[in-house]
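> Sequence and predicted model, in that order:
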Amino acid sequence: MFRLSNRTKIKLMNLYPPFLGAGIRVEHISPDFRKAVIAMKLRWWNKNLVGVHFGGSLMSMSDPFYMLLIMQNMGRDYIVWDKASTIRFKRPGKGKVTCVFEITESILEQLKSEADAHGKTEMVLPLEITDEAGEVVCELEKTIYVRRK
């Protein structure tokens, strides 16, 4: 079996129809799958009625990445799912917006130890989507579910 380069993985993710249709771009995923940077430019097809980023597109850009990063780091002995998301809009999203996902060793250790001890666990992870000026457009909480196979 062959391995795909990180660059190829990013290109393939950017062709995923829901991302392609919303204008969501994976800009970076670290080789160790501990960090991902996702961006979305404001385009005519992802604007809402008042000319700013559509809330559904903002939610979509946050959807699978904590799950993906944790899955890659936990290994095949665990099942990982996005269980819930909440979003709080802070200001209109104009121009390019960015979301940075980061997974630390302590997060992974906690998930593994709790899943091993109890068979399953959940963790709420915070997230922000910011505009080009670094202002927070929205705050999110992602609930990740992990269980032993």
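Structure's in. What do you need? The shown structure was predicted, so the numbers you read here are calculated from the model rather than taken from an experiment.
> Can you pull up the most central residue in the chain?
In the chain, the residue lying closest to the centroid (C-alpha atoms, centre = their mean) is F65, at 2.9 Å.
> give the contact list for it.
Neighbouring residues of F65 by C-beta atoms under 8 Å, 6 or more residues apart in numbering: A36, I38, C99, F101. Where C-beta positions appear, they are placed from N, C-alpha and C, glycine not excepted.
> same thing but 6 Å
By C-beta atoms under 6 Å, 6 or more residues apart in numbering, the contact list for F65 reads A36, F101.
> Equivalent analysis for the one 10 residues further on, please.
Residues counted as contacts of G75 (C-beta under 6 Å, 6+ apart): none.
> And the pLDDT for it?
In this model, G75 is scored at 90, pLDDT.
> Now do the helices in this protein.
Remark: helices assigned in the chain by DSSP state H are 6-14, 17-22, 55-62, 65-74, 105-118.
> What's the separation between the nearest residue to G93 once chain neighbours are set aside and E122?
Nearest residue to G93, sequence neighbours excluded (C-beta to C-beta, 6 or more residues apart in numbering): H53, at 3.3 Å. Look at H53 and E122: by C-beta to C-beta, to the nearest Å, they are 29 Å apart.
> So for the two, which residue has more residues nearby?
The neighbour count for H53 versus E122, taken as other C-beta atoms under 10 Å, is higher for H53 (28 against 15).
> List the beta-bridge partners for the more buried one.
Beta-bridge partners for H53, by DSSP bridges, are K47.
> Next, F33: phi, psi?
phi 50, psi 40 (degrees, to the nearest 10).
> residues contacting it?
For F33, the contacting residues are L69, Q72, N73, by C-beta under 6 Å, 6+ apart.
> Check what pLDDT it gets.
Per-residue confidence (pLDDT) for F33: 94.
> roughly how far apart are the residue nearest to it when sequence neighbours are not counted and I10?
With sequence-adjacent residues excluded and distances taken as C-beta to C-beta, 6+ apart, F33 is closest to Q72, at 3.8 Å. As defined by C-beta to C-beta, Q72 lies at a distance of 14 Å from I10.
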